[in-house]
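1. What follows is a predicted protein model with its sequence.
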Amino acid sequence: MKSARINQAINALKFYYGTILKKKFLYEIKRPRKDKKLPVVLSKEEVAKILSSVDNSPRTIFVDNWLYKIILRVAFIYAILFMVRGKSIKPF
């Protein structure tokens, strides 16, 4: 079972005891940690296949450069927001 499903069941029991039965829920149930998902990463072969399929027309080069610059700006803003909040950024 996923952690969200277990937490939902615990909350349902607490609601039932507290609101419906007007009793205190006496059991202390340890809640599970949130599920960690692995990021989707392309293999080296997949990246090479994608890059080899791209033609070198001026329009494609322009769009590639444009997207790269946007990604850099988003990463920069993300880093600044974390520095303002005083949180550390984990290296990739």
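-> Cool, got the structure.
2. Can you report phi and psi for Lys30?
-> Phi and psi for Lys30, reported as degrees, to the nearest 10, are phi -70, psi 130.
3. for it, what are its contacts?
-> Not one residue lies near Lys30 by C-beta atoms under 8 Å, 6 or more residues apart in numbering. Where you see a C-beta, it was placed from the backbone N, CA and C, and this is true even at glycine.
4. where does it sit relative to Lys2, distance-wise?
-> 16 Å (C-beta to C-beta, to the nearest Å).
5. count of neighbours near Tyr16?
-> A count of neighbours around Tyr16, defined by other C-beta atoms under 10 Å, yields 12.
6. how about Lys34, secondary structure?
-> coil (DSSP: H, G, I helix; E, B strand; the rest coil).
7. Excluding chain neighbours, what is closest to it?
-> Ser3 (5.5 Å; C-beta to C-beta, 6 or more residues apart in numbering).
8. My read is that the one you found contacts Ile10, right?
-> No - counting by C-beta atoms under 8 Å, Ser3 sits too far from Ile10 to count as a contact (10.4 Å).
9. any residues in contact with both of those two?
-> Common neighbours of Ser3 and Ile10 (C-beta under 8 Å, 6+ apart) are Arg31.
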